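Give me a model of this one.
(chains A and B)
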Amino acid sequence: MNYDRLINRTVAAVPPSGIRRFFDIASTMKDAISLGVGEPDFVTPYHIRDAAVNSLLDGGTQYTANRGLPELRREIAFYLEHRFGTAYHPDTEIVVTVGASEAIDAVLRVLVEPGDEVLIPDPSYVSYSPSVLFAGGTPVAVKTCEAEGFRLNAEAVREAITERTKCLILPYPNNPTGGIMERQDLEKLAKVIREKEILVISDEIYAELTYGGKQHESFAALPGMWPYTVTINGFSKSFAMTGWRVGYACGPKEIMDMVNKIHQYAILCAPRMSQVAAVEALRLGRERNYEDVARMRESYDRRRRLLVDGFRSMGLSCFEPLGAFYVFPSIRVTGMSSETFCGELLKAKHIATVPGTAFGESGEGHIRCSYATGIDKLNLALDGIRAFLEDVREEERG
Amino acid sequence: MTKLEMDLLELLQEDCRLPLEKLAVMTGSTLEEAASAIDDMEKRHVILRYAPTINWDLTERERVEAMIEVKVTPQRDMGFDAVAKRIYRFEEVRSVYLMSGSYDLLVLVEARTLKELALFVSQKLSTIETVTGTATSFVLKRYKEEGVVFEDDAQDRRLVVSP
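Numbers count the residues shown, from 1 in each chain, chains lettered A, B, ... in the order given. Next up, the predicted model:
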């Protein structure tokens, strides 16, 4: 059977994720220490798991409304308004999806037609570009750099916009860099967006994880920017609920009606038990002033400082990430490419990291290290990387 | 308590062998600030000692542990403190708590043999004049102590590398 003839060429042409190779090697090493994990090391808080178990025992096993449980949409509306100052109507402007990933995919499919361009900051999360390609569009990378804290430069966006540009993906706090966009950065960007009349898909999945006294700024909360924005968020990072697969997209009714159209035919609804768990996460969060979230953030913050200090003390340049749970040190001094560095480090010291290039060309010269791992392991990893660097320097000398 | 003190306590409770440099980095303080905060907490007896949590069951050491519920008659002006003090001075006693509920003091006792422990209850504890009754329960197995699970089979279920 010649499957090549049958398989969609666009799908076949998308290269496999740059992370896969490291996953394959690291998963065969029993003693590997991984700084390559892109999810929290907390288990979902007990009360949330309990709510889901109870709902199952009560027989809550049916479909829900396409857009999600009304109760969940009301909680999401309250949460977004009180945490980030963005108002969405629960009936018409919110769709609950299977993780934020489905939300991004659906929104792109609503907007993009063949030949349309989508701007994506580089480096960024691995799935944006393939999702644009699957939707028939053309991803256009907008480079960001360490010197600017991996912020998206408004002028670079302006230059990248053509008449085929439909939208910009705005993924801050950023995976893999840990960079954030502050109010003044967003304001400059807003000016360009208004002028060029394109849409912003603001992926705010790490919104709760900002440090150094910085609060997350939601793009839709900027004066006049609500109509230009689809906000994406979810429960994976803020509430340590990755495996539950619950996210949501919020935006103007005209767009959300279309998102719901794709969602209802492709997915029908997010799993009911996960939605019940999400209701509990937000309800108790609201009642307890999100203290679970604050505790997790505090714990990440300590480990963030430990890793940044660790890398700097071994002579690597490491910009201070103020969001998400990644640091993105530069390994340029070694003269190795990111890919080679990560491969050699894994082989020599059994420490898994992810090359910056897995997230785009601008990631070259950097490695992504997740600090969503216990302090003891982080210290072991730092010691291992330090020893690895010494070996490399020794080799250069000798 | 300051935020720095609370942060240091949380970190030390998890691992009291963390070096001062790392404690300072993680709490965003200078070496001097962290050192002086710890020193101060030691002086104020907020930090009493730095001790590991040990699973003695994995060692050769034989020992018997019991929890004893003790009913006492509180003394005028002294309440329960005087009798609690008399009890915690015995070297067999590991912990003493004043409790609400159907008894007054909970006493955790450790001895080498069952006989030694029985003698402690009958000869030392019960003979205190204000003690009106005791109920002894022996510890058969320890599952979790100080937040540490002893035979933890929980593994990291996350993918080793993920986007």
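
For A:Ala156, give its distance to chain B.
Note on A:Ala156: its distance to chain B, by C-beta to the nearest C-beta, to the nearest Å, is 24 Å. For the C-beta atoms, the positions are set from N, CA and C on the backbone; glycine is no exception.

Would you mark the buried spots in the stretch of helix or strand that residue belongs to?
A:Ala156 is part of helix A:154-160 when elements are defined by DSSP states H and E. Neighbour counts over helix A:154-160 (16 or more other C-beta atoms under 10 Å in any protein chain shown) mark A:Ala154, A:Ala156, A:Val157, A:Arg158, A:Ala160 as buried.

which residues touch B:Val83?
B:Val83 is in contact with B:Val72, B:Pro74, B:Gln75, B:Leu105, B:Ile128, B:Thr130, B:Val131, counting by C-beta atoms under 8 Å, 6 or more residues apart in numbering or on different chains.

can you rerun that using 7 Å?
B:Val83 is in contact with B:Val72, B:Ile128, B:Thr130, counting by C-beta atoms under 7 Å, 6 or more residues apart in numbering or on different chains.

out of these, which are buried?
B:Val72, B:Thr130.

in chain A, which spans are helices?
Per DSSP state H, chain A carries helices over the ranges A:3-6, A:9-13, A:20-26, A:46-57, A:70-84, A:99-111, A:128-134, A:154-160, A:183-196, A:253-266, A:272-287, A:291-313, A:338-349, A:375-397.

Return the residues of chain A in contact with chain B.
Residues of chain A lying close to chain B by C-beta under 7 Å from any C-beta of the partner chain are A:17, A:19, A:22-23, A:26-27, A:32, A:34, A:36-39, A:125-126, A:302, A:305-306, A:309, A:352, A:354, A:375-376.

center of the chain, which residue is that?
Let's take chain A. In chain A, the C-alpha nearest the mean C-alpha coordinate belongs to A:Asn175, at 5.1 Å (C-alpha atoms, centre = their mean).

Not quite, go with chain B.
By C-alpha atoms, centre = their mean, the mean C-alpha position of chain B lies nearest to B:Ser95, the distance being 6.5 Å.

Is it in a helix, a strand, or coil?
Using DSSP: H, G, I helix; E, B strand; the rest coil, the three-state assignment for B:Ser95 comes out as strand.

So for it, what's the nearest residue that isn't a sequence neighbour?
Nearest non-adjacent residue to B:Ser95, counting by C-beta to C-beta, 6 or more residues apart in numbering or on different chains: B:Leu108, 4.1 Å away.

List the strands paired with the helix or strand harbouring the one you found, with their directions.
Applying DSSP H and E as the criterion places B:Leu108 in strand B:105-111. Within its sheet, strand B:105-111 is paired with strand B:64-72 (antiparallel), strand B:93-98 (antiparallel), according to DSSP bridges.

correct me, but A:Leu72 touches A:Gln275?
Yes - between A:Leu72 and A:Gln275 there is a contact at 5.1 Å, judged by C-beta atoms under 7 Å.

May I have the phi/psi pair for A:Lys214?
phi -90, psi 130 (degrees, to the nearest 10).

contact partners of stretch B:3-17?
So stretch B:3-17 is in contact with A:302, A:375-376, B:18, B:23, B:26-27, B:29, B:33-34, B:37-38, B:41, B:50, going by C-beta under 7 Å, 6+ apart.

circling back: when A:Leu72 and A:Gln275 are compared, which one has more neighbours?
Shown here are A:Leu72 and A:Gln275; by other C-beta atoms under 10 Å in any protein chain shown, A:Leu72 has more neighbours (28 against 25).

So which bits of stretch A:173-191 are buried?
Residues of stretch A:173-191 classed as buried by neighbour count (16+ other C-beta under 10 Å): A:173-182, A:185-186, A:188-190.

Out of the residues you listed, flag the one nearest to chain B.
Set against chain B, the nearest of the buried residues of stretch A:173-191 by C-beta to the nearest C-beta is A:Asn175 (7.7 Å).

The closest one against A:Phe328, yeah?
No - A:Asn175 lies out of contact with A:Phe328 (C-beta under 7 Å); the separation is 9.7 Å.

quick check: domain ranges of chain A?
Using automatic domain parsing, the domains assigned to chain A come out as A:3-44+A:291-397, A:46-287.

and if you look at chain B?
B:3-43, B:63-140.

Now render these as CSV, adding mean pLDDT.
Conversion of those to CSV gives the following (pLDDT from 0 to 100):
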stretch, mean pLDDT
domain B:3-43, 97
domain B:63-140, 94
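
Make TSV from those domains and add distance to A:Tyr290 to it.
Shown next, in TSV, are the domains of chain B (distance: least, C-beta to C-beta, whole Å):
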stretch	distance to A:Tyr290
domain B:3-43	18
domain B:63-140	32
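
returning to what we had before: give the intersection of the neighbour lists for A:Leu72 and A:Gln275.
Residues touching both A:Leu72 and A:Gln275 (C-beta under 7 Å, 6+ apart): A:Val96.

Quick check: the residue of the stretch 101-250 of chain A nearest chain B.
A:Val126 (4.5 Å).

That residue: how many residues sit nearby?
Neighbours of A:Val126 using other C-beta under 10 Å come to 20.
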